[in-house]
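> my questions are about this predicted structure, shown below with the sequence.
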Amino acid sequence: MFDAQCDLAALVYDANDDPDAILRDFAADLRARGARVVGMVQSGQCADSTLSAVLVHSGETLLLAQPPSQTPASPGATGCKLDLSRLQAAGIRVANALAGGADLVIVNRFGKRERDGKGLGFVIERALGADIPVVIAVSRTSFADWIKFAGGMSVKLACDRHALDAWWHSVSLRAAARTAPDHVTVCEAFK
């Protein structure tokens, strides 16, 4: 699925990190500079059933948590459960946005759904199949699963803006080198 030529980065975070704020600010800065950024970044909290994602290409917020009436009530339950059908629908919206072209795809999180072949794995595959770089937040506790999922073909980034900016700079330079002509032809010189 992945190869050594793919531009795939895992923003690896710990419990005290906020990968969502880093990815949200990064996407906003790139969009302000004219980059076509597609994807989603998590927002809200599971603890209060506001778990959602913001589509970075449209600004729309999509609820990802099951409605409280569908969440099983049991002792010790957090009151929030990810609604897989809502996650899939959000993923389809991101995948459809790729048809318009993109410079970067942001995927909010890698988790057990993706590990098990569900969730947003198809978005990652579609983006990389179109040679669009992807960055995804991966918890340190899920990193071993991520390495298996990505076949080891991923860059590991610290959960900070400096690391993300450095990766993007490198990816952008490679992309520019691929699209730049190797030489100027005589016809091009006289245009």
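Okay, I see it.
> find me the pLDDT at the closest residue in space to residue 139 that isn't next to it in sequence, would you?
Distances taken as Cβ to Cβ, 6 or more residues apart in numbering put residue 13 closest to residue 139, at 5.9 Å, once the chain neighbours are dropped. Backbone N, C-alpha and C define where each C-beta goes, glycine included. Note on residue 13: pLDDT of 97.
> I'd say residue 13 and residue 143 touch.
No - Residue 13 lies out of contact with residue 143 (Cβ atoms under 8 Å); the separation is 9.8 Å.
> which of these two has more residues huddled nearby?
Comparing residue 13 with residue 143 by other Cβ atoms under 10 Å, the one with more neighbours is residue 13, at 23 against 16.
> name the nearest residue to the most centrally placed residue in the chain, sequence neighbours excluded.
Geometric centre of the chain, nearest residue: residue 107, 1.8 Å, by Cα atoms, centre = their mean. Counting by Cβ to Cβ, 6+ apart, residue 107 lies nearest to residue 136, which is 4.1 Å off, once chain neighbours are set aside.
> give me the element the residue nearest to the centre of the chain is part of.
Secondary structure assignment for residue 107, by DSSP states H and E: strand 104-110.
> and for residue 126, the neighbour number?
Using other Cβ under 10 Å, residue 126 is surrounded by 18 other residues.
> repeat for the one 5 residues further on
Around residue 131 there are 11 other residues, counting by other Cβ under 10 Å.
> please apply the same query to residue 158.
With other Cβ under 10 Å as criterion, residue 158 counts 13.
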